[in-house]
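**Student:** The following block contains a protein sequence and its predicted model.
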Amino acid sequence: MKTKEIILSILLLAIGLIAGFSWDKILEKPYLAAAVLLYAVVFGFFLLLVKDKWLFWCVPPVSLALGIFFFAQDQFLFYGAVAGVAMVFYAVRIKEQEEKASLKILLKRTVGQSLKVFFTALVLFLAFIYFGAVRNNPDPAKLLLPESIFTASLKLLEGPLQGAIPGFHADATTGELFSPQEREALTQQFGLRLTGKEKISSALYAISLARIKSYIGDYVEYILFIAALSYFLVLKTISSVFYYATLVLIFILLKLLLSAGLVKKELTPAEKEIYV
């Protein structure tokens, strides 16, 4: 067991902890997404450089499992951890098989597939946690249209909406935009009680939510599964960007480490399995 391997093992465990701590704060502080990217980069270097079998097989799944300490403890956290750890084991297995099958180090082939599976493990882990967090939501329809996203969209659409509602801006009140007669008409049409003090964004959100519920009807119980699947797919799409960024960073850092003499490339004799 080399010093380099011990350092990489400690670093992977530490970055895994930091990534777990950062996850639910990324929306408020987007720069914390760098922790997830760094986690993937260290994971890639770990697979490339660690040869000790115990460290190679044990440290990566443990680094992901450490994330359980930062989320609500429930059965779905357990399911997510088991699924994520299993996927990380598979990622490690892919790297081992690729190394045996390759005569030359090609970065994308050697760790590329393992990194894809690693990101899938992270996304699967987080999707289970998300489902556990929202499964008791008293108003599941809000999962399809989160109010924060709706409000942010209104602010982006202020210009076009001003053509239909003169003076429209997302922070205006219904009293600023509509006369008492207009508010009364809206109340009768949508079943809302508009006093004039509520924000237009809140009123429009309530109207949109009521429309969604009317369309969904008896299928509202499936919203939780749809929301969890959507969450998984969105994260999976985002992870593809992280995947390529990780490969680029590993390539650059590897070149620097080779130039500095901290990492070496060697030719070793290898046995090959053939039919005779």
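**Tutor:** Arrived safely.
**Student:** Tell me where this structure has helices.
**Tutor:** Ranges of helices in the chain, per DSSP state H, are 3-22, 33-49, 53-65, 75-101, 107-134, 141-144, 147-156, 158-164, 174-177, 180-190, 200-216, 223-260.
**Student:** wait, residue 191 sits on residue 210?
**Tutor:** Yes: contact status for residue 191 versus residue 210: in contact at 7.1 Å, counting by C-beta atoms under 8 Å. The C-beta positions use only the backbone N, C-alpha and C, and glycine is treated the same way.
**Student:** Phi, psi for residue 171 please.
**Tutor:** Note on residue 171: backbone dihedrals following degrees, to the nearest 10 are phi -90, psi 0.
**Student:** no wait, residue 193
**Tutor:** phi -100, psi 110.
**Student:** What sits closest to it if chain neighbours are left out?
**Tutor:** residue 187 (6.0 Å; C-beta to C-beta, 6 or more residues apart in numbering).
**Student:** ok, now residue 76?
**Tutor:** residue 132 (3.0 Å).
**Student:** That neighbour and residue 28: what is the separation?
**Tutor:** For residue 132, the distance to residue 28 equals 21 Å [C-beta to C-beta, to the nearest Å].
**Student:** Neighbour count for those two, which is higher?
**Tutor:** The residue with more neighbours, out of residue 132 and residue 28, is residue 132; 20 against 7, by other C-beta atoms under 10 Å.
**Student:** circling back: looks like the residue nearest to residue 193 contacts residue 194 (just checking).
**Tutor:** Yes: using C-beta under 8 Å, residue 187 makes contact with residue 194 at a distance of 5.6 Å.
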